[in-house]
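Novice: quick check, what structure comes out for this input:
(one chain, ligands or ions: 2)
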Amino acid sequence: MTTAVSAPLPQRICCIGAGYVGGPTMAVIADRCPAITVTVVDLNAARIAAWNDPDLSRLPVYEPGLDQVVGRCRGRNLFFSTAVEEAIAAADMVFLSVNTPTKTRGLGAGQASDLKWVEASARTVAKAAQGHTIVVEKSTLPVRTAEAVKAILGAGVAGKSFSVLSNPEFLAEGTAIGDLEHPDRVLIGGDDPAAIDVLAAVYAHWVSPERILRTNLWSSELSKLTANAFLAQRISSINGIAAFCEATGADVREVARAIGADSRIGPKFLQAGPGFGGSCFQKDILNLVYLCRHYGLEEVAAYWEQVVRLNTWQQHRIARLVVTRLFGTVTGKRLAILGFAFKADTNDTRESPAIRIARDLLEEGAQLMIVDPKVSERQIGLDLGQPAGEGEGSWRLVASVEAAALGADALLLLTEWEQFAALDWMAIAAVMRQPAWLFDARGRADEAAARAAGLNVWRIGQG
Ligand SMILES: NC(=O)C1=CN([C@@H]2O[C@H](COP(=O)(O)OP(=O)(O)OC[C@H]3O[C@@H](n4cnc5c(N)ncnc54)[C@H](O)[C@@H]3O)[C@@H](O)[C@H]2O)C=CC1
Ligand SMILES: O=C(O)[C@H]1O[C@H](OP(=O)(O)OP(=O)(O)OC[C@H]2O[C@@H](n3ccc(=O)[nH]c3=O)[C@H](O)[C@@H]2O)[C@H](O)[C@@H](O)[C@@H]1O
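Specialist: Ligands and ions are numbered 1, 2, ... in the order given. A predicted model of the protein is given here:
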């Protein structure tokens with residue numbers, strides 16, 4: 001399954017989709033392969049303009065270290081452009097890195113992946129490509145999508161030829177650059193050994209051969225869905241045990257440490273929290289569920305569906321217990337929300353647990369004071385479906401935890417930003433309305449200091 005590589009390199013790579021995956025992935029390829037010209041294209045002109053912003057702090061994706069990589073390559077062998085067809089025509093390798101969200105209507109709505117962007121970009125490649133082109137699926141796709149991509153490309157004009165590869169991306173947001181520079185593995189699926197060699201030669205610039213895995217197309221597509229399903233399953237498992245700990249007097253951190261010491265289980269992805277967020281776990285599992293049902297595997301579908309159900313339950317559970325502890329009502333009460341991104345070190349809020357929890361509390365009439373170092377007021381407004389405001393059932397974005405705490409009955413720690421781990425609890429408690437609460441849904445705050453400052457503390461998974 002592993003490979004040693006000595007194939008020719010592509011000269012020009014085009015990547016369709018300048019998002020959280022396309023941007024950082026291509027920046028690292030350009031950085032590690034100065035001989036390759038990499039052009040990232042997108043229909044979204046504002047996003048491309050942001051990638052070209054001379055001020056590197058204003059790139060459209062926030063990732064630690066990304067600004068430095070882009071700063072080294074942009075204008076040298078890394079380009080961002082809206083000239084999609086031109087870049088495809090010049091390329092000998094084209095990555096499809098477009099969005100594949102859950103369908104919102106029609107057949108499979110709520111579960112199947114919406115492949116309209118993949119189909120549209122494949123059609124553009126079929127039209128604009130010249131000569132032989134290697135087309136690489138970078139987006140996360142339902143197993144057997146390559147068949148559809150091949151069919152679209154095969155219907156193109158004579159004189160063009162294509163090889164289709166699957167090369168799913170395993171980076172996690174917040175650690176994207178490190179994940180790309182030191183991947184556990186690179187997976188390449190395909191049925192054209194020469195094309196696989198060319199792509200493997202790109203990665204071989206910085207990834208050792210034994211980490212470059214080759215499979216058939218379908219195994220590669222399915223491995224990506226499976227990896228995300230397994231990771232998400234661990235989170236739902238530990239969150240279920242956290243609720244059980246709260247009911248029984250056990251402590252989920254101790255349980256996680258104890259089971260994680262078993263080398264067969266391992267310590268990673270055992271952090272109990274407000275449920276997983278991010279654009280992919282839920283959509284990829286629901287896609288798996290849809291595919292299992294399609295193939296008549298109802299029990300398998302129900303098994304994976306439960307991972308998502310438990311996640312949704314966990315988010316509502318946290319909102320409910322906040323209301324219960326605050327004497328059964330939060331109407332008109334100020335609540336400080338610490339963190340809105342779906343995890344630390346990203347500006348991404350897609351499927352963030354903070355959204356569902358905040359919406360539940362707004363529904364109860366709370367006034368939310370939100371603090372997040374990277375998320376914009378505009379984005380929060382879109383996520384909560386209402387603009388910033390005042391009074392019952394309203395929210396505002398404020399600049400500091402101290403400002404959020406002013407007159408608040410409770411703080412909810414929802415994203416594990418580093419700065420929330422070391423707060424001046426005396427100063428914070430002093431400006432809150434008493435009796436005041438800290439609800440630590442990430443288990444990251446200095447609980448002893450918060451208690452010493454007079455706060456009541458609820459911590460995830462602590463009985
Ligand atoms: N966000 C993440 O951490 C990871 C995402 N993935 C997968 O990678 C894929 C992309 O995800 P993100 O980068 O997060 O999405 P994104 O939504 O940030 O970026 C996708 C971009 O593609 C552009 N686009 C769509 N159709 C186009 C077309 N026909 N021509 C030109 N541009 C077009 C959109 O304008 C958008 O800017 C998805 O399949 C996702 O499941 C995989 C691993 C990690
Ligand atoms: O396909 C994708 O999009 C990516 O999805 C995840 O990456 P990402 O969603 O960026 O971030 P994770 O670190 O996996 O965190 C996902 C969510 O789970 C939560 N989480 C994670 C780990 C944990 O122990 N506990 C926990 O609650 C995080 O706070 C976050 O809300 C996977 O980790 C990547 O390998 C994959 O490429």
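Novice: ranges for the strands of the protein?
Specialist: Ranges of strands in the chain, per DSSP state E, are 12-16, 37-41, 78-81, 93-96, 132-137, 161-166, 186-190, 212-215, 334-338, 367-371, 394-397, 410-413, 437-440, 456-459.
Novice: which outside residues touch the second one?
Specialist: Meaning strand 37-41. 11-18, 22-23, 26, 29-30, 48, 51, 73, 77-84, 87-88, 90-91 (Cβ atoms under 8 Å, 6 or more residues apart in numbering). Where C-beta positions appear, they are placed from N, C-alpha and C, glycine not excepted.
Novice: could you do the fourth one as well?
Specialist: Contacts with strand 93-96, where a contact means Cβ under 8 Å, 6+ apart, come from 10, 12-17, 22, 25-26, 88, 118, 121-122, 125, 129, 133-139, 149, 167, 198-199, 202.
Novice: same question, the fifth one
Specialist: By Cβ under 8 Å, 6+ apart, the list of residues contacting strand 132-137 from outside reads 10, 88, 91-96, 118, 122, 125, 145-146, 149, 153, 160-168, 195, 198-199, 221.
Novice: just the buried members of these?
Specialist: 10, 88, 91-96, 118, 122, 125, 145-146, 149, 153, 160, 162-168, 195, 198-199, 221 (16 or more other Cβ atoms under 10 Å).
Novice: got the residues of this structure near ligand 2?
Specialist: 140, 169-173, 228, 231, 235, 269-271, 273, 276-278, 280-281, 342-343 (Cβ under 6 Å from any ligand atom).
Novice: one step back: go back to the contacts of strand 93-96 and keep what's next to ligand 1.
Specialist: 16-17, 22, 121, 139.
Novice: for the closest residue to ligand 1 within the stretch 351-463 of the chain, which non-adjacent residue is spatially closest?
Specialist: Per Cβ to the nearest ligand atom, residue 351 is where the stretch 351-463 of the chain lies closest to ligand 1, at 10.8 Å. In this structure, residue 351 finds its nearest non-sequential neighbour in residue 277, 4.5 Å apart by Cβ to Cβ, 6 or more residues apart in numbering.
Novice: tell me how far the one you found lies from residue 416.
Specialist: Taking Cβ to Cβ, to the nearest Å as the measure, residue 277 falls 12 Å from residue 416.
Novice: that older thread, from the residues of the chain next to ligand 2, which land in helices?
Specialist: Assigned to helices by DSSP state H, the following of these qualify: 228, 231, 235, 281.
Novice: and which of the residues you listed is nearest residue 407?
Specialist: Nearest to residue 407 among these is residue 235, at 34.2 Å by Cβ to Cβ.
Novice: quick one: the closest one and residue 311 touch, right?
Specialist: Yes: judged on Cβ atoms under 8 Å, residue 235 makes contact with residue 311 at a distance of 7.3 Å.
Novice: I'd like to know which helix or strand in this protein has the lowest mean pLDDT.
Specialist: helix 145-154 (a mean of 93; mean pLDDT, DSSP states H and E).
Novice: write out the residues of the stretch 101-250 of the chain neighbouring ligand 1.
Specialist: So far as Cβ under 6 Å from any ligand atom goes, the stretch 101-250 of the chain lies against ligand 1 at 117, 120-121, 139-140, 169, 171, 173.
Novice: let me know the closest of those residues to ligand 2.
Specialist: residue 173 (3.6 Å).
Novice: please name the nearest non-neighbouring residue to the closest one.
Specialist: Leaving aside its chain neighbours, residue 173 sits nearest to residue 346 (4.3 Å; criterion: Cβ to Cβ, 6+ apart).
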